[in-house]
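Chemist: Fold the stuff below for me.
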Amino acid sequence: MLYRAMGLTRVELLVGARGGRFPFSNCLLVEDGGVKVLVDSGCGRDMLMRVKGIVDYIVYTHHHPDHISGYHIVEGAPCYSPQGEEPYKTIEDLGRRFASTSYREWINMATSLIGLAKVPRCMYYTPGEDLCIRGLCLKTISAPGHLQTHTLIDIDGHLHITDIDLTSFGPWYANPESDPLAFLSDIIMVYHTNFKRLTTSHKDKVYSPDEAREALRSYALKLLETMETVHGSLGEEPLRPEDLAGRGLIYRRYLPGFEAIMRYFETSMIRKILHILDSMGCTTRTRMGYTLRDCSWLETFREKILSRLY
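Modeler: Down below sits the predicted model:
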């Protein structure tokens, strides 16, 4: 998918294997004044081999494995990563960061399913500032709900919203530093941003502004529906997040061979939702787990979020 943004900037969406769906992701190839910049490197070996040798620089939006997995293929080009990625220099470092108590299972998924072979060693930029490389400037936007280092990229009105990915699965906030309420704030921020075109890391589509805003509303609703589903799964018997995982509240099924890490992720997301529900008086928390309390907060919260998405 190729077009020109404002001025002479050339932007191409490099659709990853499986249409960019996990365990792959989409990349961008941006060119201006003879400088070629690749945004992320998780679009699969075939696509990366096509651009290997012509890319001058790589810009990473964050270091989730599906976004950095092809680094070993294109590492001849210097790279930039968001500040905050500096301490994580090995795959084990990332595993301990993203799945502290299940880091071995995380490493297995990252290497065998996603194909992560090496962690990028880069220069660093500050999300929120313009990143200018030999006259080609990218506007970077911090969106930390998905991950504290998670960064969006704006190229002359083309907005790449990375893992605000608009997939039917909905927002993903399973890592320890992820935050579902911050994720909702990021969605609202994007909704009110001026842009001409929009892409994500996991959809094979270039959205118009109207299409994007409709998709953003649906995407936010998925998170609200998950909160309502978790609340509705409670009763008088105390339940822990571990008890609720595996019941299809978030994942309908676990990938064969990766059940342990997916259960870890699902438990993490349920725990965060229960914490929010409890803070709003929608549950009673005991040493044995959470029990149901009726509350009007969920309905009020839904109305508040949707009012900000129109």
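Chemist: List the buried residues of stretch 48-61.
Modeler: 48, 51, 52, 55, 57, 58, 59, 60, 61 (16 or more other CB atoms under 10 Å). Placement of C-beta: from N, CA and C, glycine included.
Chemist: contacting residues for the nearest residue to the third one once chain neighbours are set aside?
Modeler: The shortest distance from residue 52 to any non-neighbouring residue, by CB to CB, 6 or more residues apart in numbering, is to residue 74 (5.4 Å). Applying CB atoms under 8 Å, 6 or more residues apart in numbering, we find residue 74 in contact with 38, 41, 48, 51, 52, 55, 58.
Chemist: from those residues, which is closest to residue 107?
Modeler: residue 41 (19.0 Å; CB to CB).
Chemist: Just put the contacts of residue 74 in CSV and tack on secondary structure, pLDDT and distance to residue 22.
Modeler: Below are the contacts of residue 74 laid out as CSV (DSSP: H, G, I helix; E, B strand; the rest coil; pLDDT from 0 to 100; distance: CB to CB, whole Å):
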residue, secondary structure, pLDDT, distance to residue 22
38, strand, 98, 20
41, coil, 98, 15
48, helix, 97, 17
51, helix, 96, 21
52, coil, 94, 23
55, coil, 97, 23
58, strand, 98, 20
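Chemist: and these as JSON lines, adding distance to residue 28?
Modeler: Shown next, in JSON lines, are the contacts of residue 74 (distance: CB to CB, whole Å):
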{"residue": "38", "distance to residue 28": "7"}
{"residue": "41", "distance to residue 28": "11"}
{"residue": "48", "distance to residue 28": "13"}
{"residue": "51", "distance to residue 28": "11"}
{"residue": "52", "distance to residue 28": "16"}
{"residue": "55", "distance to residue 28": "11"}
{"residue": "58", "distance to residue 28": "11"}
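Chemist: Give the single residue among those residues positioned nearest to residue 261.
Modeler: The nearest member of the contacts of residue 74 to residue 261, counting by CB to CB, is residue 41 at 22.3 Å.
Chemist: What does the closest one show for phi and psi?
Modeler: Per-residue torsions, residue 41: phi -140, psi 30 (degrees, to the nearest 10).
Chemist: so who does it touch?
Modeler: Residue 41 touches 27, 48, 58, 60, 67, 68, 69, 70, 71, 73, 74, counting by CB under 8 Å, 6+ apart.
Chemist: Give me the below-cutoff pLDDT ranges for the stretch 1-150 of the chain.
Modeler: Within the stretch 1-150 of the chain, the ranges that satisfy pLDDT under 70 run 1-7.
Chemist: now the strands for it?
Modeler: For the stretch 1-150 of the chain, applying DSSP state E, counting those that start in this stretch gives strands covering 2-4, 10-14, 27-32, 35-39, 57-59, 79-82, 123-125, 130-133, 136-142.
Chemist: just checking, next helix/strand downstream of the longest one?
Modeler: Okay, so that is strand 136-142. strand 151-155 (DSSP states H and E).
Chemist: Show the subsequent helix or strand relative to that next one.
Modeler: Scanning onward from strand 151-155 (DSSP H and E), the first element met is strand 158-160.
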